[in-house]
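Student: Following is a predicted model, sequence given first.
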Amino acid sequence: MFATMVITTISYDEVDKWDMYALTMPVTRQEMVVSKYLVMIIVNSLGGMFALIVGFIGAVIMRQTFFTEIAAMIGFIYIITYNLGSTMIPLIYKFETEKARLMLMFCALIPTALIFYIAQMDISLPGIDNAWVYVGLLIGLTVVGLIISINASLKIYQKKEF
């Protein structure tokens, strides 16, 4: 739910013609784009903290010690939300919100189909023994994807007319 808040804010901006109005003020196009990424970071962080608090409370209430697994799962979902936002924001700036939402389904469908296909072929997935290597790789790819996304959004938004 938190991951889609940025998409919702951009959608409201489109409906209300906010960009056209905001660009008459002393705000640059770069600041407009970067603000959406900051909103994404803040909202995703709040969602991650909320999920950790609820997971911790649930573990205490159930008298369980599986908080590490909950934290790992929340961390993985946290990274996925950044990848979702990094994919969606440039698509929204290029094609507008409604068309981009349809593209989101395909963006989610392709990795899901790939994972399903790999599972059907009995290909062994990475083991837990070197999980930190995969975590570091995933975080690194997410940061690189975020940088590429910001640059793509900036280029698209610079050319956009309101």
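Tutor: Ah, there it is. None of the values given here were measured: they were computed from a predicted structure.
Student: so Thr145 makes contact with Asn83?
Tutor: Careful, residue 145 is Gly and not Thr. Yes. Assessed by C-beta atoms under 8 Å, Gly145 is found in contact with Asn83 at 6.1 Å. Glycine gets a C-beta too; all of them are placed from N, C-alpha and C.
Student: who has more neighbours, the two?
Tutor: Asn83 (18 against 15; other C-beta atoms under 10 Å).
Student: Would you mind checking the average pLDDT for the helix or strand Asn83 falls within?
Tutor: Following DSSP states H and E, one finds Asn83 within helix 67-95. Averaged over helix 67-95, pLDDT sits at 86.
Student: pretty sure Lys160 contacts Glu96?
Tutor: No. Contact criterion C-beta under 8 Å: Lys160 and Glu96 do not qualify, at 10.3 Å.
Student: okay, now Leu154: neighbour count?
Tutor: Neighbour count for Leu154, taken as other C-beta under 10 Å: 17.
Student: In space, what's closest to it - neighbours in sequence excluded?
Tutor: Leaving aside its chain neighbours, Leu154 sits nearest to Val33 (5.3 Å; criterion: C-beta to C-beta, 6 or more residues apart in numbering).
Student: tell me the phi and psi of that neighbour?
Tutor: Val33 adopts backbone torsions of phi -70, psi -50, taken as degrees, to the nearest 10.
Student: roughly how far apart are it and Met88?
Tutor: Distance of Val33 to Met88, given as C-beta to C-beta, to the nearest Å: 13 Å.
Student: outside of stretch 27-37, which residues touch it?
Tutor: Stretch 27-37 has contacts (C-beta atoms under 8 Å, 6 or more residues apart in numbering) with 6, 9-10, 19, 22-23, 85, 89, 93, 146, 149-150, 153-154, 157-158.
Student: Distance from it to the middle of the chain?
Tutor: Distance, stretch centre to chain centre, for stretch 27-37: 17 Å (C-alpha atoms, centre = their mean, to the nearest Å).
Student: Helix or strand with the lowest mean pLDDT in the protein?
Tutor: Lowest on mean pLDDT, DSSP states H and E among the helices and strands of the chain sits helix 97-120, with a mean of 80.
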